[in-house]
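*Asks:* have a look; sequence and predicted model below, questions after that.
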Amino acid sequence: MSASTESERFAACLRSLKERSGLSYAALAAKAGTSGSSVHRYCLGGSIPQDYGTVHRLAVACGATPEELRTLHRLWAVADAAREQEATEAEPEATEAGSEGAAPQGPESAESENTKPGTTKPGTTKPGTTKPVPAQAESTVSAAPAVSPDAKVVRLEPVVGQPEPPDRPGPEGHGRRWLRVAVAAGLAVLFLGGVAWTLPSLRSAGGSEAGPAKGADARQLKDSRPLFTSACREVVAMGQHDTCVREVQQLLHDRGAEIGVDGDFGPQTLRRVTAFQVIAGIEPPNGVVGDTTKKALYESKKRMDTWTPDQARRRIREVFTEAPDRAVAIADCQSFLDPLHILPNTNGTRNWGLFQISDARLRELGGTPRQALDPEWNIRAAKRLWSEGRDFSDWPHCDRAFSPSPSPSP
C-alpha cells in the first residue's frame, strides 16, 4: 500500500466536494476551523489531516451527503494508515543496513538480522523507537482478528515462504541457526499468549464461541427479536447496509437519539451506538453492536434524550459570560452543538461532547466519558479549561476560525 497513492485518492474525493461547493480555500477553511494553506495541501494530496474531526468539518461545510461522509472517512483512514506504515518501515531498514556484515554478538544480533520491516502497528510506536523483536513477532502473523471495525488494520505479510540467506560455514553458521531456532520458539510463545489474551475480547464483542447451545444460549437461539435472528450477523458494525442496521437505528431513535433510519452504518450511527454504550455502561464503548449491546437496546431503560442546539447555545452564553459569542462559535465548530458528539483520533483516543473534550483532558478534570456527554457538565468543564489562561487555547483550530463581526457603521 503506497502512502502517496492513498493520499491522492483521499485528496481527489475532498477536492471534488470542494469544487462542487463553490467555496474558495479561505472560505472553506473559515467554516472548518483551519487555515487556507492547510485545506490547499489536503486537496492536492500534500498532507493528510491528523484527526478525522477536521475532515468531517470540511466535508459538512461542502454539503457532503451521508454516503460521501462515509466514503471520505474510509479514504482518510486508509491514507493515514499508509502514511504511518511508511514512516515505521524506514527505521527497520536503516537499522538493517547499518548492521549488515557485522558478526552476531548474541540474541539481539540474531533478532535484528531476522526482523522484517514494515510490520509495525500504526499508532503504537513512533519512527526511531521501533524495537526489532516486536516487529518480527508481528511479521510472523499473516492476519490478526479485528476486535473493532473502527480500528485501522494493516495487512501483515507472512515471511515463511521468503528465502533465508545462506548460513555461513563453520561454527558461526551453526550459532546463527541455533539462535534463530531459539528466537522463533520465544516468538511462538509470545504469539500464543497474545491469542489467548485476544479471545476474551472477541467473545465479548460477538458473543460466545460456537458450540452446543445450553441454557441461556439455547434460549437466545430461539429469540425472535430481529437482531438475534439468523438474518443478522453476530455483530453489526461500521460499513454495513442492511435491515439489521436499520433495526439498530430504529431502536436508538426510539430511545430519543437524533439519528436517521436509513440502514447505513456510517459515522453518525457509530457515534450514536458509542454514546448509547457509554450511557448504558457497556464496556468497552467501541461502537460495535454485539450481543451485550443488542440486549441492552431491547431491554435497557436508558434514554438518549439530550439538549437541542438552541438549549446548548443558550446555556453556553449563560456560563461563558466573558466571551459568550466566541464560546458558542467554538462549540458549534467542534460538535455542531450536539451534546452526544464523539470523534475518534488516529492514536485511539476520543473527543467527547459539546466542546469535544479529549480523553487526556478528561482525566485531568477527573471526569468520565459519561459525564462528558452530559451537556451541563461539559460546558462547565470547558469553562474550567478556559479559566486556566482565560483563553480558548484548548480549541486552537476553531478559535482561529472565529472572527467577531465588525461593528455597524454609525
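*Replies:* Perfect, I can see it now. Numbers count the residues shown, from 1 in each chain.
*Asks:* what about Gly239, neighbour count?
*Replies:* Per other C-beta atoms under 10 Å, the neighbour tally for Gly239 reads 14. Every residue, glycine included, has its C-beta placed from N, CA and C.
*Asks:* same question for Ala275.
*Replies:* Other residues near Ala275 come to 27 when the count uses other C-beta under 10 Å.
*Asks:* quick check: it touching Leu340?
*Replies:* Yes. Using C-beta atoms under 8 Å, Ala275 is in contact with Leu340, at 4.3 Å.
*Asks:* got any residues that touch both of these two?
*Replies:* Residues touching both Ala275 and Leu340 (C-beta atoms under 8 Å, 6 or more residues apart in numbering): 257, 304, 373.
*Asks:* next, work out how far apart the residue nearest to Cys232 when sequence neighbours are not counted and Arg255 are.
*Replies:* In this structure, Cys232 finds its nearest non-sequential neighbour in Cys244, 3.9 Å apart by C-beta to C-beta, 6 or more residues apart in numbering. In this view, Cys244 and Arg255 are 17 Å apart by C-beta to C-beta, to the nearest Å.
*Asks:* cool, Ile279 as well?
*Replies:* Distance, Ile279 to Arg255, using C-beta to C-beta: 9 Å.
*Asks:* what's the overlap in contacts for the two?
*Replies:* Jointly contacting Ile279 and Arg255 under the rule C-beta under 8 Å, 6+ apart are 302-304.
*Asks:* break down this structure into its strands, ranges please.
*Replies:* 342-344, 350-352, 357-358 (DSSP state E).
*Asks:* which residues touch Ile357?
*Replies:* Ile357 makes contact with 351, 365, 367, 372, 378, 381-382, 385 under the criterion C-beta under 8 Å, 6+ apart.
*Asks:* partner residues bridging it?
*Replies:* Beta-bridge pairing for Ile357 (DSSP bridges): Trp352.
*Asks:* Ala329 contacts Cys398, correct?
*Replies:* Yes. The criterion here is C-beta under 8 Å, and Ala329 meets it with Cys398 at 7.3 Å.
*Asks:* settle it for me: which of those two has more neighbours?
*Replies:* Taking other C-beta under 10 Å, Ala329 and Cys398 do not tie; Cys398 has more neighbours (24 against 21).
*Asks:* excluding chain neighbours, what is closest to that one?
*Replies:* For Cys398, the closest residue by C-beta to C-beta, 6+ apart turns out to be Cys333, at 3.6 Å.
*Asks:* residues in contact with that neighbour?
*Replies:* Neighbouring residues of Cys333 by C-beta under 8 Å, 6+ apart: 32-33, 57, 395, 397-398, 401-402.
*Asks:* swap in Ala12?
*Replies:* Neighbouring residues of Ala12 by C-beta under 8 Å, 6+ apart: Gly45.
*Asks:* okay, it and Ala29: tell me how far apart.
*Replies:* Separation of Ala12 from Ala29 (C-beta to C-beta): 19 Å.
*Asks:* what are the structural domain limits within the protein?
*Replies:* Following automatic domain parsing, the chain resolves into domains at 1-98, 100-206, 216-299, 309-401.
*Asks:* by mean pLDDT, show me the worst of the ones you listed.
*Replies:* Confidence, taken as mean pLDDT, is least for domain 100-206 of the domains of the chain (a mean of 46).
*Asks:* number of nearby residues for the closest residue to Ser38 other than its chain neighbours?
*Replies:* Closest residue to Ser38 apart from its sequence neighbours, by C-beta to C-beta, 6+ apart: Ala29 at 6.9 Å. The number of residues packed near Ala29 is 23, by other C-beta under 10 Å.
*Asks:* repeat for Ala360
*Replies:* Ala360, neighbours per other C-beta under 10 Å, totals 9.
*Asks:* hmm, it is touching Thr349, no?
*Replies:* Yes. Ala360 sits in contact with Thr349 when judged by C-beta under 8 Å, with a separation of 7.0 Å.
*Asks:* can the strands of the chain go into JSON lines with extra columns for distance to Ser47?
*Replies:* Converted to JSON lines, the strands of the chain look like this (distance: least, C-beta to C-beta, whole Å):
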{"stretch": "strand 342-344", "distance to Ser47": "19"}
{"stretch": "strand 350-352", "distance to Ser47": "21"}
{"stretch": "strand 357-358", "distance to Ser47": "22"}
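*Asks:* Leu69 is nearest to which of these?
*Replies:* Checking those against Leu69 by C-beta to C-beta gives strand 342-344 as the closest, at 12.4 Å.
*Asks:* list the contacts of that closest one.
*Replies:* 51-53, 56, 150, 271, 274-275, 350-353, 356, 373.
*Asks:* now, which of those residues sits nearest Asp291?
*Replies:* Nearest to Asp291, judged by C-beta to C-beta, of those is Thr274 at 16.9 Å.
*Asks:* so what's the closest one closest to, chain neighbours aside?
*Replies:* Nearest-residue entry for Thr274: Gly287, 4.4 Å, with adjacent residues in sequence omitted and distances by C-beta to C-beta, 6+ apart.
*Asks:* what about Asp242, how many neighbours?
*Replies:* Neighbours of Asp242 under the rule other C-beta under 10 Å: 14.
*Asks:* OK, contacts around the closest residue to it other than its chain neighbours?
*Replies:* Ranked by C-beta to C-beta, 6+ apart and with sequence neighbours excluded, the top spatial neighbour of Asp242 is Gly263, at 6.2 Å. Contact analysis of Gly263 by C-beta under 8 Å, 6+ apart lists 241-243, 245-246, 249.
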